[in-house]
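Visitor: Sequence first, then the predicted structure, then my questions.
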Amino acid sequence: MNKRRKVTPQFKSQVVLQLLSGERSMAELCRAHQLTCTSGQ
């Protein structure tokens, strides 16, 4: 089993701001930061 990665609140806010600003799409951010991409849409 893989260990879960711990992310800081600063990292989370940085990623959210990039998404909200339209700088990158959700898929691009997920690939760039090696995150699991789940959309609530």
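Guide: Nice, thanks for sending it over.
Visitor: Can you show me the helices along the chain?
Guide: 9-21, 26-33 (DSSP state H).
Visitor: just the ones you listed: most buried one?
Guide: Among those, ranked by average contacts under mean count of other CB atoms under 10 Å, first place goes to helix 26-33 (a mean of 14). Quick note: C-beta positions are derived from backbone N, CA and C, even for glycine.
Visitor: Can I get it in PDB, CA atoms only?
Guide: The C-alpha atoms that make up helix 26-33 are tabulated as PDB, following Å, rounded to 0.1, in the frame of the first residue of the first chain:
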ATOM      1  CA  MET A  26      -8.000  20.900 -13.500                       C
ATOM      2  CA  ALA A  27      -6.400  18.100 -15.600                       C
ATOM      3  CA  GLU A  28      -3.200  20.100 -16.100                       C
ATOM      4  CA  LEU A  29      -2.900  20.800 -12.400                       C
ATOM      5  CA  CYS A  30      -3.500  17.200 -11.500                       C
ATOM      6  CA  ARG A  31      -0.800  16.100 -13.900                       C
ATOM      7  CA  ALA A  32       1.700  18.700 -12.900                       C
ATOM      8  CA  HIS A  33       1.300  18.000  -9.200                       C
END
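Visitor: shaky segments in the protein?
Guide: When residues are selected by pLDDT under 70, those of the chain lie in 1, 39-41.
Visitor: quick one: contacts for residue 3?
Guide: For residue 3, the contact set (CB atoms under 8 Å, 6 or more residues apart in numbering) is empty.
Visitor: hang on, the earlier thing: can I get the helices of the chain in TSV including distance to residue 3?
Guide: Shown next, in TSV, are the helices of the chain (distance: least, CB to CB, whole Å):
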stretch	distance to residue 3
helix 9-21	17
helix 26-33	17
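Visitor: for the ones you listed, which one sits closest to residue 2?
Guide: helix 26-33 (15.9 Å; CB to CB).
Visitor: wait, what's in contact with the spatially closest residue to residue 30 that is not a sequence neighbour?
Guide: With CB to CB, 6 or more residues apart in numbering as the criterion, residue 30 has its nearest non-adjacent residue at 3.6 Å, and that residue is residue 37. When the contact criterion is CB under 8 Å, 6+ apart, the partners of residue 37 are 26-27, 30.
Visitor: All good on my end, thank you.
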